[in-house]
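Asks: Build me a model from this:
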Amino acid sequence: MELRKATYKLYPTKQQAEALNHALRLHCEFYNAALQERIEAYRKCRISIKNKDQQPQIKVIREEIPEFATLNYSSLQVTLRRLDKAFSVFFRRVNSGEKEPGFPRFKSHKRYPGIGFSSHGDGWRFTPGEDWKHGRLRLTGVGHIRCRGKARVAGKIKSMELLHRRGEWLISLTMECNGVLREPTSGKACGLDWGVNKLLSVATESDGYQVDNPRWFQQEREKLKALKQAVSRKKKGSNRWKKACKKLSTHHRKAANRRNHEHHQLSAQVASQYALVATEKLQVKNMTGSAKGTSEKPGKNVKQKAGLNREILDTAPATLLAMIAYKVKETGGLFIETPTRKLKPSQRCPVCWSVKKKTLKERVHQCEVCGCNEDRDIAAARVNLIWALNELGSETGLHRACSVKPPPSL
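Replies: Numbers count the residues shown, from 1 in each chain. Okay, the predicted model is just below:
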């Protein structure tokens, strides 16, 4: 059994939207109050309050404050667990020695992500339509709300997240299902290389092709600039300012949806063609680190690095590779991440396996040892493929299906 997510968009009436916003505001206040209690307890008494210490207080709060009595009890428990998880992540980062561990912060109503619900039937129930297309959500204190969307596979509903994003209400259902299966592919294998110049380079043992980078940010740059200027020119808090903010938020949402749609199409295309996909493991956080340095040791080419970081994040590499990974696994195939630091696919020759350092300006791989000459990204993708096939070994059958010689041991 696997856990899968299904997202539906809600269409509440005006009265239902007001009730949802009121509930969201109360959960935000509850989260901030619990955070404040933890901070004050440690600051004044050096006492660390845990989740188990705050859970019994829910009953007392619901008795003393009538507003909180209208909220679902288990949803308040989920809010406290969310805070406890934030502290757990903070202490894990502190113990690992990270410079910015990220202490849990107070949240405003506009930035509070949503409300969590645990057991299906405990204050809420989702009734799907035919073939799990659309449906209705019954929420205690709100009523029945129309939902639009479709789950890829049916399953047993376990929990729900009620989300508020850019003025829209969504529900994210967690379902326990037997798994999603796609049509099986051929026994072909390929290597991938993500990049900014070319979004994706795909190489097999004999040929390869590249997918252009749409550069979504550059396409919308002028319109985005105009929308931001419209917000800054209006008085904060006024009706005109709110309308301008809504237009800017809608633009961001549409741009994200467009990128997500194209990523889904590209990942489905790769998964439908290859049974084995190999790519290097990316550390996006390290790749997009700032170059400004410190006051003692100022960085170099800070503006250039900031522009490169923007272009990297615009392609959403982690999201794209994650989509390819789960879709390949759904076909029964294999998705392998190669060790970047050890393998050095961008610097290594796919024929003789020699290593030569290249700058980002060098877009063609020219080996001085064996004379190999091909596109740099295609060569890197082929290196990933050869390494993966060598690691699998000939017993899988995939290695025999490709005429690539295994590389020497690293």
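Asks: Buried residues, the host helix or strand of Glu18. List them.
Replies: In the assignment (DSSP states H and E), Glu18 maps to helix 14-45. Neighbour counts using 16 or more other CB atoms under 10 Å place 16-17, 19-20, 23-24, 26-32, 34-35, 38 of helix 14-45 among the buried residues. Quick note: C-beta positions are derived from backbone N, CA and C, even for glycine.
Asks: now for it, which elements pack on it?
Replies: With contacts defined as 3 or more CB pairs under 8 Å, 6 or more residues apart in numbering; DSSP states H and E, helix 14-45 has these neighbours: helix 66-69, helix 73-95, strand 114-117, strand 156-165.
Asks: Let's see that with 7 Å instead.
Replies: Using 3 or more CB pairs under 7 Å, 6 or more residues apart in numbering; DSSP states H and E, the elements in contact with helix 14-45 are helix 73-95, strand 114-117.
Asks: Show me the helices in this structure, by range?
Replies: 14-45, 51-54, 57-64, 66-69, 73-95, 216-232, 239-273, 284-287, 302-314, 317-330, 340-343, 376-392, 398-401 (DSSP state H).
Asks: shouldn't Ala23 be in contact with Leu71?
Replies: Yes: here Ala23 lies in contact with Leu71, judged by CB atoms under 7 Å, at a distance of 6.2 Å.
Asks: mind putting the helices of the chain in a markdown table, distance to Cys349 and mean pLDDT included?
Replies: Converted to a markdown table, these look like this (distance: least, CB to CB, whole Å; pLDDT from 0 to 100):
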| stretch | distance to Cys349 | mean pLDDT |
| --- | --- | --- |
| helix 14-45 | 54 | 96 |
| helix 51-54 | 54 | 94 |
| helix 57-64 | 63 | 95 |
| helix 66-69 | 66 | 93 |
| helix 73-95 | 39 | 95 |
| helix 216-232 | 33 | 94 |
| helix 239-273 | 25 | 93 |
| helix 284-287 | 23 | 88 |
| helix 302-314 | 25 | 91 |
| helix 317-330 | 24 | 93 |
| helix 340-343 | 12 | 91 |
| helix 376-392 | 7 | 93 |
| helix 398-401 | 20 | 39 |
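Asks: Out of those, which is the most enclosed?
Replies: Comparing the helices of the chain on average neighbours per residue, with mean count of other CB atoms under 10 Å, the densest one is helix 376-392 at a mean of 25.
Asks: From the contact counts, what lies against it?
Replies: Based on contacts counted as 3+ CB pairs under 7 Å, 6+ apart, the elements that helix 376-392 packs against are strand 189-194, strand 198-203, strand 208-212, strand 276-280, strand 334-338, strand 364-366, helix 398-401.
Asks: which one of those lies closest to Arg81?
Replies: The closest of the helices and strands packed on helix 376-392 to Arg81 is strand 334-338. By CB to CB, the value is 31.1 Å.
Asks: list the buried ones in the closest one?
Replies: So strand 334-338, judged by 16+ other CB under 10 Å, has buried residues Leu334, Phe335, Ile336, Thr338.
Asks: Next, find the distance separating the nearest residue to Val196 once chain neighbours are set aside from Glu220.
Replies: What sits nearest to Val196 in space, not counting adjacent residues and going by CB to CB, 6 or more residues apart in numbering, is Glu311, at 5.0 Å. Separation of Glu311 from Glu220 (CB to CB, to the nearest Å) stands at 14 Å.
Asks: before we move on, back to that, same list, the helices and strands packed on helix 14-45, but as CSV with distance to Ala230 please.
Replies: As requested, the helices and strands packed on helix 14-45 are exported to CSV (distance: least, CB to CB, whole Å):
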stretch, distance to Ala230
helix 73-95, 35
strand 114-117, 28
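Asks: Please name whichever of these is nearest to Asp207.
Replies: If you check each of the helices and strands packed on helix 14-45 against Asp207 by CB to CB, helix 73-95 wins as the nearest, at 44.6 Å.
Asks: From the chain's centroid, how far away is that closest one?
Replies: Its chain's C-alpha centre and that of helix 73-95 lie 20 Å apart, by CA atoms, centre = their mean, to the nearest Å.
Asks: Can I get that helix in CSV, CA atoms only?
Replies: Only the C-alpha atoms of helix 73-95 are listed here, as CSV (Å, rounded to 0.1, in the frame of the first residue of the first chain):
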residue,chain,number,x,y,z
TYR,A,73,-10.7,19.1,18.1
SER,A,74,-8.4,17.0,16.0
SER,A,75,-7.6,19.9,13.7
LEU,A,76,-6.3,21.8,16.7
GLN,A,77,-4.1,18.8,17.6
VAL,A,78,-2.7,18.8,14.0
THR,A,79,-1.9,22.5,14.4
LEU,A,80,0.1,21.7,17.6
ARG,A,81,1.9,18.9,15.8
ARG,A,82,2.8,21.3,13.0
LEU,A,83,4.5,23.6,15.5
ASP,A,84,6.3,20.6,17.2
LYS,A,85,7.6,19.5,13.8
ALA,A,86,8.9,23.0,13.1
PHE,A,87,10.9,22.9,16.4
SER,A,88,12.2,19.4,15.6
VAL,A,89,13.5,20.6,12.3
PHE,A,90,15.1,23.6,14.0
PHE,A,91,16.9,21.5,16.5
ARG,A,92,18.1,19.1,13.9
ARG,A,93,19.6,21.9,11.9
VAL,A,94,21.3,23.3,15.1
ASN,A,95,22.8,19.9,15.8
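Asks: From Arg43, how far off is Phe68?
Replies: From Phe68 over to Arg43 the distance is 25 Å, taken as CB to CB.
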